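K.L.:
quick one: sequence and predicted model below, then my questions.
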Amino acid sequence: MKKVLLSIITATMLFSCTEKVENVVKLHEGYYAFCGASGAVPTGNKIIVQGVEFEEGCAICPVLPDTSISNLAMEGVSPSWGKVMGTEGQFSVEKDFEFPGNDGSTRWDGKSVWSLYHYFDTSTYIPQFNPTTMSWEMMKPGNRSFIVNTDSAHTSESNMFCMPCQIIDTTDEGIILAECFGPLNEAAVPLRKAIPVKSGMKSITAAIEGKPYPVGTPIPLMELGKDLSTLNK
C-alpha cells in the first residue's frame, strides 16, 4: 500500500504541473505492462497519438499485477497494433479501460494489456532485460535523467504510457513479456495533447543507460514551452 500511495503522489505531482487531472487520470487494478525501464526500436511505421503523427516504436515490457495509473484521454491508431489485432489499429483507453481490444469485457484473457504508470524506487527489484547476460532478470530500476538529443537513438526517447500491448512470451523464471507500440520522441505528458520532444530538454527514465529510445518524459514540463499554451483551449 505504501508503494501504491507513493506512486499516486508522484504521478499527481508530475501530471498536475501543467493541467487539471480530474476525470483523466484513473487507477487501474490488475495486469499492466511496465515499460518505464525499457527501450524501444523503430517499427518503420507511423503511429497517430491524439491526432498527431509520430514515428512508431516497439518496446518489450514485463507484465505485472498491481495498481497502476491510466490516462483516459489516450487514443490513437497504430498500424502495428492493427496487424496484431487484425483491425485498423485504433485504440482508446476510455473505451477499453481494462485492456486494449477487450470489447467491453473486464476479464483479462492473457492476450493484451495497456502499458501503464507505476513508480518503483531504487530499493525495489523489477523485471528488466540485462544486456550483459542477454536475459530477463530482477534488477533495480536505473532511475536517471538525461538531456534529449534526437540525433541519436540512445539520447532520444519513447512514450509508452497508455499504449496497447500484446502478450508474446513467458520466461522460464515466470516473467510475462508484452510487445508494446508507442510514439518515438513524444512526451508522455501533458495528458490531453500529444507534444513532440525536442533536443535540449531534460528527461527522466528508469531504463539503464545505453538502451535506445528509453521510455520517459521531459521535466520540468514547462520546458515544452509554447506548445503547452493551447492545451486547455
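P.N.:
That came in fine, so what should we check first? Numbering: from 1, shown residues only.

K.L.:
going forward, measure contacts and count neighbours with C-alpha atoms only.
P.N.:
Will do.

K.L.:
could you pull out the helices in the protein for me?
P.N.:
2-15, 79-85 (DSSP state H).

K.L.:
contact partners for the closest residue in space to K26 that isn't next to it in sequence?
P.N.:
Setting aside the residues directly before and after it, K26 is nearest to S70 in space (C-alpha to C-alpha, 6 or more residues apart in numbering), at 5.3 Å. Residues touching S70, when contacts are defined by C-alpha atoms under 8 Å, 6 or more residues apart in numbering, comprise V25, K26, L27, H28, V93, L116, Y117, F161, C162.

K.L.:
so the fifth one touches I69, yeah?
P.N.:
No - between V93 and I69 no contact is recorded; they are 11.5 Å apart, counting by C-alpha atoms under 8 Å.

K.L.:
okay, and the common contacts of these two?
P.N.:
Contact criterion C-alpha under 8 Å, 6+ apart; residues shared by V93 and I69: none found.

K.L.:
that older thread, lowest-confidence stretch among the helices of the chain?
P.N.:
Out of the helices of the chain, helix 2-15 stands lowest, with a mean of 45 (criterion: mean pLDDT).

K.L.:
can you list the weak-confidence ranges in this protein?
P.N.:
Applying pLDDT under 70 to the predicted model, the residue ranges of the chain that meet it are 1-22, 103-106, 220-233.

K.L.:
what do you get if the cut-off is 80, keeping everything else the same?
P.N.:
Within the chain, the set of residues satisfying pLDDT under 80 comprises 1-23, 102-109, 122, 219-233.

K.L.:
which stretches of it form strands?
P.N.:
Per DSSP state E, the chain carries strands over the ranges 25-33, 41-49, 52-71, 75-77, 90-92, 112-115, 126-130, 135-139, 144-147, 163-170, 176-183, 202-205, 216-218.

K.L.:
make a markdown table out of those strands and add distance to V189.
P.N.:
What follows is the strands of the chain, written out as a markdown table (distance: least, C-alpha to C-alpha, whole Å):
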| stretch | distance to V189 |
| --- | --- |
| strand 25-33 | 12 |
| strand 41-49 | 12 |
| strand 52-71 | 10 |
| strand 75-77 | 14 |
| strand 90-92 | 17 |
| strand 112-115 | 15 |
| strand 126-130 | 24 |
| strand 135-139 | 27 |
| strand 144-147 | 16 |
| strand 163-170 | 13 |
| strand 176-183 | 13 |
| strand 202-205 | 12 |
| strand 216-218 | 7 |
